[in-house]
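Student: Fold the following and give me the result.
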Amino acid sequence: MEHTIQATELARKLGDVLSKVRYRRDSFVIKRNGRPVARVVPVEPDVDEATLGEALAAWCDGASSDHAFADDLDAINASDKPPTDRWAS
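Tutor: Model (predicted):
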């Protein structure tokens, strides 16, 4: 969606405008003294970026869990006991 905004308003709301450009893919025509002087548009997405759906699919299709790793973590937790005298060095 394209919006029109005055340059002074852009200066006050730059962070909000950039968020709308980045996350909502909006574009803005910047006007100064009633005349258009610039346009802020989203950059093309990187080819390597994955969507949330693609990331979830990759997570679900990942390798099976390693039960030996869970056993190792249990052994580490069992051996990690606080000292009897906290002030002894």
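Student: Only C-alpha atoms from now on, for both contacts and neighbour counts.
Tutor: OK.
Student: The nearest residue to H3 once chain neighbours are set aside: which element?
Tutor: Distances taken as C-alpha to C-alpha, 6 or more residues apart in numbering place F28 nearest to H3, at 4.7 Å, with adjacent residues excluded. Per DSSP states H and E, F28 falls inside strand 27-32.
Student: what comes into contact with that strand?
Tutor: Contacts with strand 27-32, where a contact means C-alpha atoms under 8 Å, 6 or more residues apart in numbering, come from 1-7, 10, 21, 36-42.
Student: Identify the bridge partners of the residue nearest to H3.
Tutor: For F28, the beta-bridge partners are H3, V40 (DSSP bridges).
Student: Tell me the pLDDT of it.
Tutor: At F28, the model reports a pLDDT of 97.
Student: Distance-wise, check it relative to L52.
Tutor: F28 is 26 Å from L52, where distance means C-alpha to C-alpha, to the nearest Å.
Student: go on, V21?
Tutor: Per C-alpha to C-alpha, V21 is found 19 Å from L52.
Student: For stretch 57-71, output the C-alpha coordinates as CSV.
Tutor: The C-alpha trace of stretch 57-71 is given here as CSV (Å, rounded to 0.1, in the frame of the first residue of the first chain):
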residue,chain,number,x,y,z
ALA,A,57,8.7,-27.2,7.6
ALA,A,58,12.5,-27.6,7.8
TRP,A,59,12.2,-28.0,11.6
CYS,A,60,9.5,-30.7,11.3
ASP,A,61,11.5,-32.5,8.6
GLY,A,62,14.7,-32.4,10.6
ALA,A,63,16.6,-35.3,12.1
SER,A,64,15.1,-37.5,14.8
SER,A,65,15.9,-36.8,18.4
ASP,A,66,19.0,-38.3,19.9
HIS,A,67,18.0,-40.1,23.1
ALA,A,68,21.7,-40.6,24.1
PHE,A,69,22.1,-36.8,24.2
ALA,A,70,19.2,-36.6,26.7
ASP,A,71,20.8,-39.3,28.8
